[in-house]
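[1] need a 3D model of the following:
(chains A and B)
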There are 2 protein chains.
Amino acid sequence: MPSDRYPTTSEIREVGPRDGLQDEQPIPVEARIRLIDALSATGLRAIEVGSFIRPDLVPAMAGTDRVLAGITRAPGVRYRALAPNMRGAELALQAGVDELELVVSVSDAHNRGNLNMSTDASVDQIGRIVAVASEGVVPVEVIVATAFGCVYQGTIPTADVVALARRLRDLGVATLSFADTIGSASPPMVSALIDALEDAGWQADQLALHFHNTRGAGPANIVVAAQRGVRRFDASIGGLGGCNFSPGATGNVATEDVVHLLDSLGATTGVDLDALIGVARDVETLIGRPLPGCLLRSSPWTGRPLLPDGP
Amino acid sequence: MPSDRYPTTSEIREVGPRDGLQDEQPIPVEARIRLIDALSATGLRAIEVGSFIRPDLVPAMAGTDRVLAGITRAPGVRYRALAPNMRGAELALQAGVDELELVVSVSDAHNRGNLNMSTDASVDQIGRIVAVASEGVVPVEVIVATAFGCVYQGTIPTADVVALARRLRDLGVATLSFADTIGSASPPMVSALIDALEDAGWQADQLALHFHNTRGAGPANIVVAAQRGVRRFDASIGGLGGCNFSPGATGNVATEDVVHLLDSLGATTGVDLDALIGVARDVETLIGRPLPGCLLRSSPWTGRPLLPDGP
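    Numbers count the residues shown, from 1 in each chain, chains lettered A, B, ... in the order given. A predicted model of the protein is given here:
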């Protein structure tokens, strides 16, 4: 019989301002700043503010340096940004990120498609960036992409994910997150990866997981990971963000739904859910279309009657 | 450490033609027949075809007798219908249902709102209907509504759910299903109910569960129940069906997403997923708006590359 033990606290890492907005029509830097400041006020402790990537490649992420300069840094909140290469990392460090995010795909084909270099070349580059970042004492997190499947390669062997994770650990990477890039993860895959990482010396509470809801399994994957002791999860406000390979598909799990779920497990997030739903509504206005988050069209369940006056 | 054991098979009970369509604008009996015949062809083994309720109360369910007369009964498929009272039950039996569904809410206020009588009066009525149905050897399933929360009462004590379940068992009810009527269930609530029912003598594989995705926790609840040995789940094609108390909210979990999830657990459903998604698309056309199921906007994950030619 499985246990119902869950972590007593959890941490949501908000990715909406980067992973959510990157494929949208660009919105003004000022609106991105307002969004991040609003998210900071909800109790979230980690926010991905943007990426330092060539603006001709990802126009929506242009001006992330000005975003970082313009936000009001709330105490206790870590403002993070993604960099695809050394040049981006240098710009991110200059702009004053609290944490630097790098990415490498287990799938060589995906890494070439995403970063125009082999997985091996990305690993070498990560080693050089970690050296630079550690001079400034900025923690580096590496996102292990295609950890549960790849559009080009299909199934990704768990052993390949762990082999890459070991190489990154040997480079001195502080934190690893494992990304369900195309929403192909299932509960047994999640358990198998956690098993394999534990066998290789990691503890579940060191890991971070990034799920998409492309096929509707995101919440199930989160609960199974939480049962195993994982307590750091990425999510995007309102479910903002898509799937490059399935136009219109649901992308990232929605932050407000994940907060509701983790709180219901007793894995308290510390996030003000009503405030968060308010931000999600503002994002719908900002981008001009409904977002897929379920709580946007219902309400948090508190155990109190919704219609106390009866039928 | 929780186990990853799941049942090796599972059964989806399709509720779209009743729970899904009941709050929609009425569609012609012929279209309901075509929908049920299409669902029968996907490998589903249990389909709720409609309800025998007063047509002035639920116009979309008028003519369920003609639906039952018009469908092509596939071998091995059980065609089920809901009846709110003795008159409805008699009509359902006359129309030749394979299984008769009755409903009673744990919440007295909800039962009065739904059936215009107290929970106690409903239990008495169920006893009389079971006696009539058993003469014709038609199995009766009772849906225990508001098993995880009620809009009027709020939190529903698990002990109250089990007490009602015991009364129904004493009446000779063959099967009980427990409905998350307003989508308020969480994984710990699901575990607690299964614990309590097992303590009261049920086995998990006797139970059926009916989840809504109103707050995004439906898939998580299903996986936690499956870990405990539950293998019968309701779902509605495309996620058809809403929540009376949250206009626009996501209602039933989507059959195709639940099939994908259960199959990914190794709890094989035996349903042809591509055929099912095709039916869901036809339902979108039938009702003239998109449905919330995730696979409607992506594709099943098979482990094979989606873009085998590379980036």
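[2] low-confidence stretches in the stretch 1-150 of chain A?
    A:1-3 (pLDDT under 70).
[3] so which residue of it comes closest to chain B?
    Across the stretch 1-150 of chain A, the shortest distance to chain B (C-beta to the nearest C-beta) belongs to A:Gly113, at 2.8 Å. Quick note: C-beta positions are derived from backbone N, CA and C, even for glycine.
[4] that residue contacts B:Pro311, correct?
    Yes: between A:Gly113 and B:Pro311 there is a contact at 2.8 Å, judged by C-beta atoms under 8 Å.
[5] thinking again about what came up before, give the other helices and strands that the helix or strand that contains the residue of the stretch 1-150 of chain A closest to chain B contacts.
    Applying DSSP states H and E as the criterion places A:Gly113 in helix A:108-115. Applying 3 or more C-beta pairs under 8 Å, 6 or more residues apart in numbering or on different chains; DSSP states H and E, one finds that helix A:108-115 makes contact with strand A:99-105, helix A:119-135, strand A:140-145.
[6] okay if I get those as JSON lines plus mean neighbour count?
    What follows is those, written out as JSON lines (neighbours: other C-beta atoms under 10 Å in any protein chain shown):
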{"stretch": "strand A:99-105", "mean neighbour count": "24"}
{"stretch": "helix A:119-135", "mean neighbour count": "17"}
{"stretch": "strand A:140-145", "mean neighbour count": "24"}
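[7] JSON lines please, covering these and showing distance to chain B.
    Below are those laid out as JSON lines (distance: least, C-beta to the nearest C-beta, whole Å):
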{"stretch": "strand A:99-105", "distance to chain B": "11"}
{"stretch": "helix A:119-135", "distance to chain B": "13"}
{"stretch": "strand A:140-145", "distance to chain B": "13"}
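[8] would you list those in a markdown table and tack on distance to B:Gly50?
    Output for the helices and strands packed on helix A:108-115, formatted as a markdown table (distance: least, C-beta to C-beta, whole Å):
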| stretch | distance to B:Gly50 |
| --- | --- |
| strand A:99-105 | 49 |
| helix A:119-135 | 55 |
| strand A:140-145 | 47 |
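[9] is chain B within reach of the helix or strand encompassing A:Asn221?
    Per DSSP H and E: A:Asn221 is located in helix A:218-227. Yes: using C-beta under 8 Å from any C-beta of the partner chain, helix A:218-227 reaches chain B at A:218-220, A:222-224, A:227.
[10] check stretch A:11-25 too.
    No: figure legend: stretch A:11-25 not in contact with chain B (C-beta under 8 Å from any C-beta); closest approach 13.9 Å.
[11] roughly how far is that stretch from the heart of the chain?
    8 Å (C-alpha atoms, centre = their mean, to the nearest Å).
[12] hang on, the earlier thing: by contact count, what packs against the very next helix or strand once past the helix holding A:Asn221?
    Remark: after helix A:218-227, the chain's next helix or strand is strand A:232-235, criterion DSSP H and E. Helices and strands touching strand A:232-235, by 3+ C-beta pairs under 8 Å, 6+ apart, are strand A:11-14, strand A:175-179, strand A:208-210, helix A:255-264.
[13] what mean pLDDT does the third one have?
    Right, strand A:208-210. Mean pLDDT, computed over strand A:208-210, is 98.
[14] so what touches it?
    Contacting residues not belonging to strand A:208-210 are listed as A:13, A:15, A:141, A:143, A:175-180, A:190, A:221-222, A:225, A:230, A:232-234, A:252 [C-beta atoms under 8 Å, 6 or more residues apart in numbering or on different chains].
[15] each with direction, which strands does that strand pair with?
    Each strand that pairs with strand A:208-210, with its direction, by DSSP bridges: strand A:175-179 (parallel), strand A:232-235 (parallel).
[16] can you list the ones you listed in TSV and add mean pLDDT, mean neighbour count and distance to A:Ile53?
    Output for the strands paired with strand A:208-210, formatted as TSV (pLDDT from 0 to 100; neighbours: other C-beta atoms under 10 Å in any protein chain shown; distance: least, C-beta to C-beta, whole Å):
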stretch	mean pLDDT	mean neighbour count	distance to A:Ile53
strand A:175-179	97	21	17
strand A:232-235	98	27	18
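[17] could I get these as CSV with distance to A:Ala208?
    What follows is these, written out as CSV (distance: least, C-beta to C-beta, whole Å):
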stretch, distance to A:Ala208
strand A:175-179, 4
strand A:232-235, 4
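[18] highest average neighbour count across the helices and strands packed on strand A:232-235?
    helix A:255-264 (a mean of 27; mean count of other C-beta atoms under 10 Å in any protein chain shown).
[19] count of residues packed around the residue nearest to A:Gly251 when sequence neighbours are not counted?
    If the residues on either side of it in the chain are set aside, A:Gly251 comes closest to A:Gly241, at 3.7 Å by C-beta to C-beta, 6 or more residues apart in numbering or on different chains. Look at A:Gly241: counted by other C-beta atoms under 10 Å in any protein chain shown, it has 25 neighbours.
[20] so who does A:Gly241 touch?
    Residues near A:Gly241 by C-beta under 8 Å, 6+ apart: A:15-16, A:19-23, A:251-252.
[21] tell me how far the residue of the stretch 1-150 of chain A closest to chain B lies from A:Ser105.
    8 Å (C-beta to C-beta, to the nearest Å).
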